[in-house]
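K.L.:
make a model of this:
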Amino acid sequence: MATSSPVRHAWRVLLGLLLVTGVLFGINAIGVYGFQKSSWAPELALDLQGGTQIILSAETEDGADPSSEQLDQAAAIIRQRVDASGVAEADITTEGGRNIVVQIPGAADDQTRERIQSSAQLQFRPVLATTAGTNTFIGEDGAETPYPTPDDSLSDTPTAEPTDPSDLSWVSEKLAAEFQAYDCSNPDNDPSREPADQPLIACDPTGQAKYILGPTELTGTAITDATAGRDPRSGAWIVQLTMNADGTDAFGKVSTRLNQNRIANLSPRDQFAFVLDGSVISAPVMNGQILDGRPSISGSFTQETATTLADQLKFGALPLSFEVQSSDTVSATLGTQQLQIGLIAGLIGLALVALYSLFSYRALGTVIIASIAVMAVLTYIVICILAWRLGFRLSLAGVAGLIVSIGFTADSFIVYFERIRDELRDGKSITAAVEDGWGRAKRTIYISKSINVLAAVVLYILADATVKGFAFTLGLTTVIDVLIFVIFTHPVMQILARTKFFGGGHKLSGLDPESLGAVYRSRSQFREVAATSTGRNARNARSRGEADRRQTIAERKRAEALAGDKRTSTGSEGDA
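P.N.:
This next block holds a predicted model:
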């Protein structure tokens, strides 16, 4: 019963591995056939696949070129936007003193384009008036008519001097007429070009609501952080903002004024609009006085919409406005030839590891080969899932990380097998050697793999974007390597140790005690090695050398005493 218990445990662990593999394939199948967003092949990065190139041209009020600091800051913020959803392997560079070139692997979806193109300064403006927007204009008779053109003779001067940005005096006769005639679907209407110190008319991104907004009171530079999360009380999705010192002071004054408007029932002048690229991305009602610089935005958010708004607010503080100059499809910078070379290098590495394993460990080498094969399957499906869920794309640097991981993976098995062989040389049975070797090897492997993972994490955090793919795949495969070592390699060895071929120490099994130079029959009995037939002289010589190295002082003295007694006995017989 005791001897079969490890075997039953090993089979349960292998069954668990099979279940985990099935779950991973099931998750990816849901992405492929359910959401139609995943694939059975890893997504390739820009250097291997090509993708979309978007050129943004900076615009300044006087038409002069922006400073290099402004352009670099804008490029850094756009990179944050693009990478906000995960490892995207995007290439973002400045060009010509006023352009930013964004290259995205594959076809850029609408959400990614919105992240890139929403590049104007973020403004916070109070709401003066709002109405539901439509794609048609309804006249006084209730019939649909073309949008009217405001009379140029109307005054654009405020009726009185405004006392604050929420004062309705900002709404002149001409502005009111323009608001009534404003068509949200007209591409000629570009509120992003309006001065920050003047009111403007703007719509939400869907064109279903339009607003008259007061002058800008805060810009996106006031926000230091924006995160999406759940309200601890209601459980609804919210967006939490954190402001700097100047923003905290300014927002405290704004919230006090708008909260008073709410108490006085002066809707919609209790709303505060976040304007990005001339579009009102959110216009929440001020529900209280906020003096700590940590306002939160609530509404009918989903996780996706809350995350998108948080990203827009967090990364919206660009120091410049940009216009999309061009959007084109670009070819791969390295192409399929380099990918094929990388794959060939990986296959050569696998072949060399397999040959070395079979040469050094005989049939035991098949366990190494099988472990690497299982690891390859798990790594492949995990990369497919990460491409769907996190936007991970496999670059040439990532392929290099996978190739390097082959050698690191073989290290784990070699350490384990050498520990088993050491236990066999000490006279233990094969089943006992497998268990004791496992106990000693796993500590060494856990320590070494922890260092590998730590190095990969540090490299990923500190290295350039072109190297992040290498660090990511190296860290991922190291974690999977440890998993395979625990739930595949050791259980397989527990099962094989109880078979006739391996457990009996067959010469081709790689676990033959005599071939390994075992010097003990048991933990307390020394194995005597004699020089016999010439066919075994070489092996016996190695065994005798191993025996000499492993003898303790007591054993050497005992052997010398036995040898002396034998010589004395022989001499006595000769005298007789």
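K.L.:
now the helices for the stretch 301-450 of the chain?
P.N.:
303-314, 335-361, 365-389, 396-425, 430-462 (DSSP state H, counting those that start in this stretch).
K.L.:
next one: the stretch 151-300 of the chain
P.N.:
Counting by DSSP H, counting those that start in this stretch, the helices of the stretch 151-300 of the chain are 173-181, 245-263.
K.L.:
now those helices as a markdown table including mean neighbour count?
P.N.:
For glycine as for every other residue, the C-beta is placed from the backbone atoms N, C-alpha and C. Shown next, in a markdown table, are the helices of the stretch 151-300 of the chain (neighbours: other C-beta atoms under 10 Å):
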| stretch | mean neighbour count |
| --- | --- |
| helix 173-181 | 17 |
| helix 245-263 | 17 |
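K.L.:
ok, of these, where does mean pLDDT dip lowest?
P.N.:
Lowest mean pLDDT within the helices of the stretch 151-300 of the chain: helix 173-181, a mean of 85.
K.L.:
now stretch 50-63, how far from the chain's geometric center?
P.N.:
With C-alpha atoms, centre = their mean, to the nearest Å as the basis, stretch 50-63 stands 28 Å off its chain's centre.
K.L.:
next: stretch 466-484.
P.N.:
Averaged C-alpha coordinates place stretch 466-484 at 11 Å from its chain's average position (C-alpha atoms, centre = their mean).
K.L.:
now do the phi/psi pair for the closest residue in space to Asp197 that isn't next to it in sequence.
P.N.:
Excluding the flanking residues, the one nearest Asp197 by C-beta to C-beta, 6 or more residues apart in numbering is Pro215, at 5.0 Å. The phi/psi pair for Pro215 (degrees, to the nearest 10) reads phi -60, psi 160.
K.L.:
what does Phe488 give?
P.N.:
Main-chain torsions, Phe488, degrees, to the nearest 10: phi -130, psi -60.
K.L.:
what's the neighbour count on it?
P.N.:
21 (other C-beta atoms under 10 Å).
K.L.:
could you pull up the residues touching the nearest residue to Val239 once chain neighbours are set aside?
P.N.:
Counting by C-beta to C-beta, 6+ apart, Ile297 is the residue found nearest to Val239 once chain neighbours are left out, at 4.3 Å. By C-beta atoms under 8 Å, 6 or more residues apart in numbering, Ile297 lies in contact with Ile238, Val239, Leu241, Ser282, Pro284, Leu309.
K.L.:
apart from its neighbours in sequence, what residue is nearest the last one?
P.N.:
Put plainly, it is Leu309. Excluding its sequence neighbours, the residue lying closest to Leu309 (C-beta to C-beta, 6+ apart) is Val239, at 5.2 Å.
K.L.:
can you check the fifth one too?
P.N.:
Sequence neighbours aside, Ile297 is the residue nearest to Pro284 in space, at 5.0 Å (criterion: C-beta to C-beta, 6+ apart).
K.L.:
where does the stretch 251-400 of the chain have low pLDDT?
P.N.:
Under the criterion pLDDT under 70, the flagged ranges of the stretch 251-400 of the chain are 277, 315-320, 333-336.
K.L.:
ok, Arg8 to Ala108 distance?
P.N.:
53 Å (C-beta to C-beta, to the nearest Å).
K.L.:
so for the two, which sits in the more crowded spot?
P.N.:
Ala108 (23 against 11).
K.L.:
go ahead and confirm the more buried one touches Gly51.
P.N.:
Yes - with contact defined as C-beta atoms under 8 Å, Ala108 counts as touching Gly51 (7.3 Å).
K.L.:
list residues touching both of those two?
P.N.:
Residues touching both Ala108 and Gly51 by C-beta under 8 Å, 6+ apart: none at all.
K.L.:
dump the residue contacts of Leu56.
P.N.:
By C-beta under 8 Å, 6+ apart, the residues touching Leu56 are Ile78, Asn99, Ile100, Val101, Val102, Ile116, Gln117, Ser119, Phe322, Glu323, Val324, Gln325.
K.L.:
switch the cut-off to 7 Å
P.N.:
Asn99, Ile100, Val102, Ser119, Phe322, Val324, Gln325 (C-beta atoms under 7 Å, 6 or more residues apart in numbering).
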